[in-house]
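*Asks:* I'd like to go over a predicted model; first the sequence, then the structure.
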Amino acid sequence: MNREIKNPEYCLSGILKCAHCGANINVKRRVKNGVAEYWYVCPKHDGFGNARCDKSNLPFEETNQLIFTIIKRYMHSFLDTEELLEKMNDSNEAALQVRELNKKKSGITASINRVREIKSGLYRDMKDGLISDMDYAYLSKKYSEEQELYERQVADITKRLELFKVKKDTDASVTIRKFMKSKKLSKTMVDAFISSIVVDNEGQFDVSMKLKDEYDELIKQLILREGDLANVG
Ligand SMILES: [Zn+2]
């Protein structure tokens, strides 16, 4: 264990919180035999012992390293998921599905236009006295329902077609790529990826990641397209 760090960056300041008392965990510098040692300490434990909080101190470098690993894994799974979705979309199978869906969509759109024409024809017929008001009411309700059904189908297909588009160069993936070459934890990296970390004495780190909505969106897309997975070459 090398604790001889020269003026280290306090990467987790303001982010790391004590699970036992909720306080922000501080960095403590201690000089021992002329060598500076750094620890993450709960301010309610430090100086008061277990009386106010029994959170034990955390080794500085190891804690930073652990958080660095967590962020790196997150970055990789984000980009891997994005890449997998892109690969799925590039497959012939996907192109075929998109073509089929578009064909279906234009078919249904044509039906909507047809129903619309019928409805205006009915209106004219009613005005001209060719059909009774009652027949008009009955038929126009019937065709309106038909039109609504088609419109719902078009909306479903449009939603499904959205799944075949991966938004490239989103803010999230641009941020991730910016940090891909980082070799160690920095405050800017922590600020980009983490909103908070709560740590307890059992070594349990409860990490709240940023870019979570974007990541969840990718996973959702992946799950919805699960049936296509088998076709990725
Ligand atoms: Zn505490």
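*Replies:* Arrived safely. Numbers count the residues shown, from 1 in each chain.
*Asks:* From here on, just use CA atoms for contacts and neighbour counts.
*Replies:* Will do.
*Asks:* which residues are contacting stretch 152-169?
*Replies:* 82, 85-86, 89, 94, 98, 101, 105, 108-109, 221, 224-225 (C-alpha atoms under 8 Å, 6 or more residues apart in numbering).
*Asks:* Going through those residues, which ones are buried?
*Replies:* Burial by neighbour count, judged by 16 or more other C-alpha atoms under 10 Å, picks out 82, 85-86, 89, 94, 98, 101, 105, 108-109, 221 from the contacts of stretch 152-169.
*Asks:* Can I get the helix or strand hosting Asp213 in PDB, CA atoms only?
*Replies:* According to DSSP states H and E, Asp213 maps onto helix 212-224. Provided in PDB are the C-alpha atoms of helix 212-224 (Å, rounded to 0.1, in the frame of the first residue of the first chain):
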ATOM      1  CA  LYS A 212     -28.700   7.000 -15.800                       C
ATOM      2  CA  ASP A 213     -31.700   8.000 -17.900                       C
ATOM      3  CA  GLU A 214     -29.700   7.800 -21.100                       C
ATOM      4  CA  TYR A 215     -28.300   4.400 -20.000                       C
ATOM      5  CA  ASP A 216     -31.700   3.100 -19.100                       C
ATOM      6  CA  GLU A 217     -33.000   4.200 -22.400                       C
ATOM      7  CA  LEU A 218     -30.400   2.100 -24.200                       C
ATOM      8  CA  ILE A 219     -31.200  -0.900 -22.100                       C
ATOM      9  CA  LYS A 220     -34.900  -0.500 -22.700                       C
ATOM     10  CA  GLN A 221     -34.200  -0.400 -26.400                       C
ATOM     11  CA  LEU A 222     -32.200  -3.500 -26.200                       C
ATOM     12  CA  ILE A 223     -34.800  -5.400 -24.200                       C
ATOM     13  CA  LEU A 224     -37.500  -4.400 -26.700                       C
END
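*Asks:* Quick one: mean pLDDT for it?
*Replies:* The average pLDDT within helix 212-224 is 89.
*Asks:* Make residue 1 into 6 and carry on from there
*Replies:* From this message on, residue numbering opens at 6, which makes the last subject helix 217-229.
*Asks:* Mind listing what's buried along that helix?
*Replies:* Buried residues in helix 217-229 (16+ other C-alpha under 10 Å): 220, 223-224, 226-227.
*Asks:* Stretch 119-134 too?
*Replies:* Quick answer for stretch 119-134 (16+ other C-alpha under 10 Å): 120-121, 124, 127-128, 131.
*Asks:* Show residues contacting it.
*Replies:* With contact meaning C-alpha under 8 Å, 6+ apart, stretch 119-134 is reached by 136-138, 141, 144-145, 148-149, 151-152.
*Asks:* Filter those down to the buried ones and hand me the PyMOL line.
*Replies:* A single PyMOL command selects the buried members of the contacts of stretch 119-134 (16+ other C-alpha under 10 Å):
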select buried, resi 141+145+148+152
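*Asks:* Which ones among the contacts of stretch 119-134 lie within helices?
*Replies:* Among the contacts of stretch 119-134, the members found in helices (DSSP state H) are 138, 141, 144-145, 148-149, 151-152.
*Asks:* Which member of the residues you listed is positioned nearest the ion?
*Replies:* Gln152 (62.5 Å; C-alpha to the ion).
*Asks:* where in this structure is pLDDT low?
*Replies:* Applying pLDDT under 70 to the chain flags the ranges 6-11, 232-238.
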